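**Student:** dropping a prediction and its sequence here:
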Amino acid sequence: MNIYIYENSRVLNLEPITLTRPSFDIRCGALTCIERISFLLPDAKIHLFVRPELEEVSKETFPGHHVNPTHVDEGIWLLGNAIWSAEDIDTIKNQQSTLFYANNTLIGANLTQETGQKWLKSGGPIVEDIVSDETKSELRTQVVEYLWEAIDLTHQQIEKDMQFFAEFSSPETDAILINEKNIFAHKSAIISKGAVINASNGPVIIANETSVKPLAYLEGPLYLGEKCIVEPMTQIKGGCSIGPVCKLGGEINSVIIQGWSNKVHDGHLGDAYLGQWVNLGAGTVNSNLKNNYSDIDVMVNGTMINTGSKHVGCFMGDHVKTAIGTRLNTGTVIGPGSNIAVKGFPPKTIQPYSWCVGDKIKRNKWDAFIETAKIVEKRRGLNLSPAEEELLFNIFEI
């Protein structure tokens, strides 16, 4: 069976995270969107449609999949930033020549080879939704249109994603476990005596080789990715999804971290979404509630959007660094490659590769940035690839 996972023309509503990755690689719940589809369809032949600037990076990140094919066959088309379930995918499978919508957004289709190829020739899903006389149907599938929606949906989605962790079990540990039947850990996870894990409000899932140190407090719903380190006295509260190889400390509440990032020192981080290779200096804190309790506006892709929520924190792209004592206001958006070291609050919208020092905002220097990026990845046993470097440079040049 052919599965075509695609980005649509509204993908930059998920910036700054989608400046450096496809929309189907965002986290929500215990998994990224493409991980969930791969679990649901283990035998499918998966093809990916991404923006041209992400093509080479996507080939490296997803080597088993065909990226931006020029020819398609009969198959199922799935919007990448939708939260798919087995039931909804089965519905699409069983209704050929049908377009599926959720809240006026095209999220899936069961297309013949002829219709799919015609869509590609007209520009494909990244340019426009399909124009066709196919039957139309509605699904109630959740779509992550903005990053704060990923954070909100993570609370309920972690519980739904439990089905994909059948090999995990209740940990053998001297830690304090509250509602133990709802706590699941890989056998290689290390949970120290004196840690407290509270699964009263939702499941706690702890992945391979993750270490939870004494006196840490974990509260569900929570997913901790592989090879994370949770330091003593850390408080990680409900609704967090933490990607692989993160170092965690302080107070963390309703936060998604894509992975490979450090929030290891004291300081509050709440209702926030961080990319990869982010490092928060000691005492970095963010506000997630205005003093007048009004809804929070966020600048998204050049447009100010009313989130309709009173709890919205900050959004940081890849390779962002903050200095000690950094304070971030509600709804702050920081572009990739930025360095924040200011007195008081920095601006709520910070362009990629900004160097915010004192009361001035300058352009980060490319050579200095890329040298640091290579050092950061090498410290974790990785090398910055030519495709990654080219993508980062293209963002720098915009």
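**Tutor:** Alright, I've got the coordinates.

**Student:** surely residue 385 meets residue 60?
**Tutor:** Yes - using C-beta atoms under 8 Å, residue 385 makes contact with residue 60 at a distance of 5.9 Å. Backbone N, C-alpha and C define where each C-beta goes, glycine included.

**Student:** between the two, what contacts are shared?
**Tutor:** Common contact partners of residue 385 and residue 60 (C-beta atoms under 8 Å, 6 or more residues apart in numbering): none.

**Student:** which residues in the stretch 51-200 of the chain form strands?
**Tutor:** For the stretch 51-200 of the chain, the strands defined by DSSP state E, counting those that start in this stretch occupy 66-67, 75-79, 82-83, 98-102, 105-111, 135-138, 142-143, 176-178, 183-185, 190-191, 196-198.

**Student:** tell me which stretches of the protein form helices.
**Tutor:** Secondary structure of the chain by DSSP state H: the helices cover 33-40, 55-61, 86-93, 113-121, 147-160, 366-379, 386-397.

**Student:** deepest-packed of these, please.
**Tutor:** helix 147-160 (a mean of 22; mean count of other C-beta atoms under 10 Å).

**Student:** elements contacting it?
**Tutor:** With contacts taken as 3 or more C-beta pairs under 8 Å, 6 or more residues apart in numbering; DSSP states H and E, helix 147-160 sits against strand 27-28, strand 240-242, strand 251-259, strand 268-276.

**Student:** which one of those strands lies closest to residue 135?
**Tutor:** Closest to residue 135 of the helices and strands packed on helix 147-160, according to C-beta to C-beta: strand 27-28, at 29.0 Å.

**Student:** kindly point out the strands partnered with that closest one and how each is oriented relative to it.
**Tutor:** Using DSSP bridges, strand 27-28 pairs in its sheet with strand 31-32 (antiparallel).

**Student:** other residues contacting the strand it pairs with?
**Tutor:** 24-26, 39, 161, 164.

**Student:** mean confidence for it?
**Tutor:** Confidence for strand 31-32, expressed as mean pLDDT, is 98.

**Student:** what is the distance between that strand and the centre of its chain?
**Tutor:** Centre-to-centre, strand 31-32 and its host chain are 7 Å apart (C-alpha atoms, centre = their mean, to the nearest Å).

**Student:** also stretch 51-68?
**Tutor:** Counting by C-alpha atoms, centre = their mean, stretch 51-68 comes out at 17 Å from the chain centroid.

**Student:** what's in contact with it?
**Tutor:** Counting by C-beta under 8 Å, 6+ apart, residues outside stretch 51-68 touching it are 7, 11, 20-22, 25, 34, 45-50, 126, 385, 387-388, 390-391, 394.

**Student:** and the buried ones among those, selectable in ChimeraX?
**Tutor:** Only the buried entries of the contacts of stretch 51-68 go into this ChimeraX selection, using 16 or more other C-beta atoms under 10 Å:
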select :7,11,20,21,22,25,34,46,47,48,49,50,387,388,391
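
**Student:** could you export the helices and strands packed on helix 147-160 as JSON lines, including mean pLDDT and mean neighbour count?
**Tutor:** Shown next, in JSON lines, are those (pLDDT from 0 to 100; neighbours: other C-beta atoms under 10 Å):
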{"stretch": "strand 27-28", "mean pLDDT": "98", "mean neighbour count": "26"}
{"stretch": "strand 240-242", "mean pLDDT": "98", "mean neighbour count": "28"}
{"stretch": "strand 251-259", "mean pLDDT": "98", "mean neighbour count": "23"}
{"stretch": "strand 268-276", "mean pLDDT": "98", "mean neighbour count": "25"}
